[in-house]
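**Student:** need a 3D model of the sequence below.
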Amino acid sequence: NLAETAGRFLVSSGSVGSTCVRTDRESDLVMDADALGVISLGGFAPTQLARASRIAARDQDALELADAMFRADREPHTFTWF
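**Tutor:** Prediction:
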């Protein structure tokens with residue numbers, strides 16, 4: 001349902017886990033669902049997508065924080081060949 005996923009969300013991360021809640025505050029990053037999917041599945045960092053004009057950022061610090069929050073220990077991998 002688009003009404004449930006549209007809008008602004010505050011993503012927070014700490015030593016005990018992460019949260020994602022709806023918010024009215026100004027956005028640090030602006031992206032569509034496709035860009036969020038690319039980041040959350042791994043392989044591309046928010047700074048890379050910003051350079052490709054897929055993400056708009058308030059400033060470089062916000063991008064670097066997003067890079068750290070979404071960084072994975074391993075690159076994505078699939079056993080299926082398309």
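**Student:** show me where this structure has strands.
**Tutor:** Taking DSSP state E, the strands of the chain run over residues 9-14, 17-22, 29-31, 55-57.
**Student:** tell me the mean pLDDT over the second one?
**Tutor:** Summarised as a single mean, pLDDT over strand 17-22 is 88.
**Student:** sheet partners, orientation included, of it?
**Tutor:** strand 9-14 (antiparallel) (DSSP bridges).
**Student:** cool, and the last one?
**Tutor:** Strand 55-57 has these partner strands in its sheet, going by DSSP bridges: strand 29-31 (antiparallel).
**Student:** so who does the nearest residue to Leu41 once chain neighbours are set aside touch?
**Tutor:** Closest residue in space to Leu41, ignoring its immediate chain neighbours: Pro76 at 5.9 Å, by C-beta to C-beta, 6 or more residues apart in numbering. Where C-beta positions appear, they are placed from N, C-alpha and C, glycine not excepted. Pro76 is in contact with Leu41, Gly42, Gly43, counting by C-beta atoms under 8 Å, 6 or more residues apart in numbering.
**Student:** out of those residues, who's the most crowded?
**Tutor:** Gly42 (15 neighbours; other C-beta atoms under 10 Å).
**Student:** what does the model give the residue lying closest to it once chain neighbours are set aside for pLDDT?
**Tutor:** With C-beta to C-beta, 6+ apart as the criterion, Gly42 has its nearest non-adjacent residue at 4.2 Å, and that residue is Pro76. Per-residue confidence at Pro76 stands at 79 (pLDDT).
**Student:** and what of Thr47?
**Tutor:** Residue-level pLDDT assigned to Thr47 equals 96.
**Student:** what about it, neighbour count?
**Tutor:** Using other C-beta under 10 Å, Thr47 has 15 other residues around it.
**Student:** nearest residue to it other than its sequence neighbours?
**Tutor:** Closest to Thr47 by C-beta to C-beta, 6+ apart is Leu63, at 4.9 Å.
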